[in-house]
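In: Got a sequence here, can you build the structure:
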Amino acid sequence: MSGVGRWLRERLPVEWIVGHLREKRVPQHRHSGWYLFGGLALFFFIVQAITGLLLLVYYSPTPATAYESVEFITNQVPFGWLLRSVHSWSANLMIASVFIHLFSTFLMKAYRKPREMMWMSGVLLLMIVLGFGFTGYLLPWDTVSYFATQIGTEIPRSVPVAGSFVVHLLRGGEFVGAESLTRLFALHVAILPMISLALILIHILLNQVYGTSKPIGVKTRGEGIPFFPNYIYRDMFAWTAASAVLASLVLIFPVALGTKADPFASAPLGIKPEWYFLVLFQTLRMMPSQIAGIDGEMIVNIAVLLVGVGLFLVPVLDRRAARNEPSPVFTILGWAGILYLILAISLAYLT
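Out: Numbers count the residues shown, from 1 in each chain. As a prediction, the model looks like this:
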């Protein structure tokens, strides 16, 4: 083993990498615990990749076989139910971690110079993980997932110019069918993973180059702690705790499989999307059908696009933070966004 280690050290810049990580410092202050959620999002992404590859061995992406293959995984493959539940719950925890990481980064103004591209790649990763959630929802081909996808893919139709094109691109026709399953499957297992891997590498590389940002006006304790091994130990502890939470959710609330989808049946009453799409769902429910002669759904879709673009361009828009000055307007906007998310999700569950 010592010979193998020596052979690797002679051919890989291991000592340079370890030396760089030892020199890198992570700021310590009263908000530094929020830094861990970036690593947690990466942990759940790794779990998603591993379990997704194992599920892919048995899954068959056609309307005639998709449900049966998932049923086979759940009921006959050894520990298949466990694998499927881990994949489902880790997806929810990954999206929650990304949301928490994004909002904590936003409120600590960690997007300011020279970390603008870190923020932008993070916003794109949020869109990607939401895309994972949407494209993977139809794959079991059960009743709830089928009709939820039918409704979800209809929403972009009201967007001017590109709406109908996006709907047809996702469905491959007028309704959700075999072509839709094939396209969403391809997005879920090939296209989105390739894009996300590239963005994750860029995000991590930028983090290693520029380090972790110090919040404006927050007193730090000393020069911070070394990234290796001190902060790595903290990350490992957080990953262990996340594993315990994931295992508890999987064992207490295993993911069930509904009845097979029947495209000719009526949609179930009270159908709702996953929690991370409930904000859009509830906003559409609360919006009047028309405002000043303009379709309400179109207004919501345009507003979502504007919020997405604005979120991406926050480092450019927040000029005070760029000068290392407090920017209370953006802090208020961040808290308003958090409160609206909580309120909309709560109303969607309660009504």
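
In: all contacts plus neighbour counts: C-alpha atoms, from now on.
Out: Noted.

In: In terms of helices and strands, where is residue 207?
Out: Assigned by DSSP states H and E, residue 207 falls within helix 192-210.

In: The helix or strand just after that helix - which strands sit beside it in the sheet, and in what orientation?
Out: Per DSSP H and E, the first helix or strand lying C-terminal to helix 192-210 is strand 225-226. Sheet pairing of strand 225-226 (DSSP bridges) gives strand 25-26 (antiparallel).

In: Next, the angle from the next helix or strand after the partner strand to helix 192-210.
Out: For strand 25-26, the following helix or strand on the C-terminal side (DSSP H and E) is helix 36-56. Orientation of helix 36-56 against helix 192-210 (axes from the mean of the first three to the mean of the last three Cα atoms, to 10 degrees) gives an angle of 150 degrees.

In: Tell me the helices and strands packed up against helix 36-56.
Out: Helix 36-56 sits against helix 80-107, helix 232-252, with contacts defined as 3 or more Cα pairs under 8 Å, 6 or more residues apart in numbering; DSSP states H and E.

In: hmm, try it at 10 Å
Out: Judged by 3 or more Cα pairs under 10 Å, 6 or more residues apart in numbering; DSSP states H and E, helix 36-56 is in contact with helix 66-75, helix 80-107, helix 192-210, helix 232-252.

In: Does the shortest one pack against any helices or strands, and if so which?
Out: Same thing as helix 66-75. Helices and strands touching helix 66-75, by 3+ Cα pairs under 10 Å, 6+ apart, are helix 36-56, helix 80-107.

In: May I see the buried residues of the shortest one?
Out: When you say that, I think you mean helix 36-56. Of all the residues in helix 36-56, those buried under the rule 16 or more other Cα atoms under 10 Å are 36-45, 47-48, 51-52, 55.

In: Farthest pair within these?
Out: The span of those, defined through Cα to Cα, is set by 36 and 55 at 28.6 Å.

In: residues touching the residue nearest in space to the middle of the chain, list them.
Out: Computing the C-alpha centroid of the chain and ranking residues by Cα atoms, centre = their mean puts residue 129 first, at 3.1 Å. Contact analysis of residue 129 by Cα atoms under 10 Å, 6 or more residues apart in numbering lists 45, 91-92, 94-95, 98, 135, 192-193, 196.

In: switch to 8 Å and redo it
Out: Counting by Cα atoms under 8 Å, 6 or more residues apart in numbering, residue 129 touches 94-95.

In: in a strand, that's where it is, yeah?
Out: No. Assigned with DSSP: H, G, I helix; E, B strand; the rest coil, residue 129 falls outside any strand and is helix.

In: what's the pLDDT at residue 38?
Out: In this prediction, residue 38 carries a pLDDT score of 96.

In: Kindly provide the distance from it to residue 240.
Out: As judged by Cα to Cα, to the nearest Å, residue 38 and residue 240 stand 15 Å apart.

In: go on, residue 311?
Out: Separation of residue 311 from residue 240 (Cα to Cα) stands at 32 Å.

In: swap in residue 346?
Out: For residue 346, the distance to residue 240 equals 30 Å [Cα to Cα].

In: repeat for residue 302
Out: Where residue 240 is concerned, residue 302 sits at a distance of 41 Å (Cα to Cα).

In: same thing with residue 278?
Out: Residue 278 is 30 Å from residue 240, by Cα to Cα.

In: More neighbours: which of those two?
Out: Applying other Cα atoms under 10 Å to residue 278 and residue 240 shows that residue 278 carries more neighbours, namely 19 against 14.

In: dump the residue contacts of that one.
Out: Residue 278 makes contact with 272, 344-345, 348 under the criterion Cα under 8 Å, 6+ apart.

In: tell me the two of these that are most distant?
Out: Among those, the pair separated by the greatest distance (Cα to Cα) is 272 and 344, at 13.0 Å.

In: Please list the residues outside stretch 297-313 that contact it.
Out: With Cα under 8 Å, 6+ apart as the test, stretch 297-313 has contacts from 119-120, 123-124, 155-156, 158-160, 283-284, 287, 289.

In: Any buried residues in it, and which?
Out: Going by neighbour count (16+ other Cα under 10 Å), the buried part of stretch 297-313 is 297-302, 311-313.

In: got it, and stretch 265-284?
Out: Buried residues in stretch 265-284, counted by 16+ other Cα under 10 Å: 267, 272-273, 276, 278-284.

In: For the stretch 151-300 of the chain, which residues score under the pLDDT cut-off?
Out: Scanning the stretch 151-300 of the chain for pLDDT under 70 picks out nothing.

In: From the chain's centroid, how far away is stretch 325-343?
Out: Here the centre of stretch 325-343 is set off from its chain's centre by 20 Å, with Cα atoms, centre = their mean, to the nearest Å.

In: Show the average pLDDT along that stretch.
Out: Stretch 325-343 carries an average pLDDT of 96.

In: how about the nearest residue to residue 171 once chain neighbours are set aside, secondary structure?
Out: The shortest distance from residue 171 to any residue other than its chain neighbours is 4.3 Å, reached at residue 180 (Cα to Cα, 6 or more residues apart in numbering). What three-state DSSP gives for residue 180 is helix.

In: roughly how far apart are residue 180 and residue 156?
Out: For residue 180, the distance to residue 156 - Cα to Cα - is 15 Å.

In: Who has more neighbours out of the two?
Out: residue 180 (25 against 18).
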